[in-house]
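Q: all I have is the shape, not the residue letters:
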């Protein structure tokens, strides 16, 4: 199999699906908490990891590279001399900040900092061991009920 190459414009010549699948497998444990990993069966763990791998494999690698670059380079505080507090004070609209108590990706410190910095923030901390997955379509019924409320 020929290696994947990025052409002169920075695009993959073909989508590296196997590499994307592997990225999904590596990513999965960061999407959930250690407590969640301990409580689910090996079968469920395998199914969820495979689902994440399939989801990643379906992404367009070129779009993914640009998305992550945009996230890496974005700094909402840059126009305010790097002061996040000043940047957050500029938000005038009501903001709902949803946080999973066990989220390894975003973390409680980050979400609480947003809560504290936005004048009209409503903060909801979901008592979940599902990690980041407790906030999305994979949420279990207890988490989903809190999100729906």
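A: That came in fine, so what should we check first? Keep in mind that what you see is a predicted model, and the values were worked out from it rather than measured. Residues are numbered from 1 along each chain as shown.
Q: any low-confidence regions in this protein?
A: 1-10 (pLDDT under 70).
Q: ok, which stretches of it are strands?
A: 95-100, 121-126 (DSSP state E).
Q: output the ones you listed as CSV; include the columns mean neighbour count and distance to residue 40.
A: The C-beta positions use only the backbone N, C-alpha and C, and glycine is treated the same way. What follows is these, written out as CSV (neighbours: other Cβ atoms under 10 Å; distance: least, Cβ to Cβ, whole Å):
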stretch, mean neighbour count, distance to residue 40
strand 95-100, 18, 16
strand 121-126, 15, 18
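Q: out of the ones you listed, which is closest to residue 68?
A: The closest of the strands of the chain to residue 68 is strand 95-100. By Cβ to Cβ, the value is 21.7 Å.
Q: in its sheet, what does that closest one sit against?
A: With DSSP bridges as the test, strand 95-100 is paired with strand 121-126 (parallel).
Q: show me what the partner strand is in contact with.
A: 94-101, 108, 111-112, 114-115, 134-135, 143, 146-147 (Cβ atoms under 8 Å, 6 or more residues apart in numbering).
Q: for stretch 96-110, same thing?
A: Stretch 96-110 is contacted by residues 30-33, 35-36, 111-112, 114-115, 118, 121-135, 143, 147 when judged by Cβ under 8 Å, 6+ apart.
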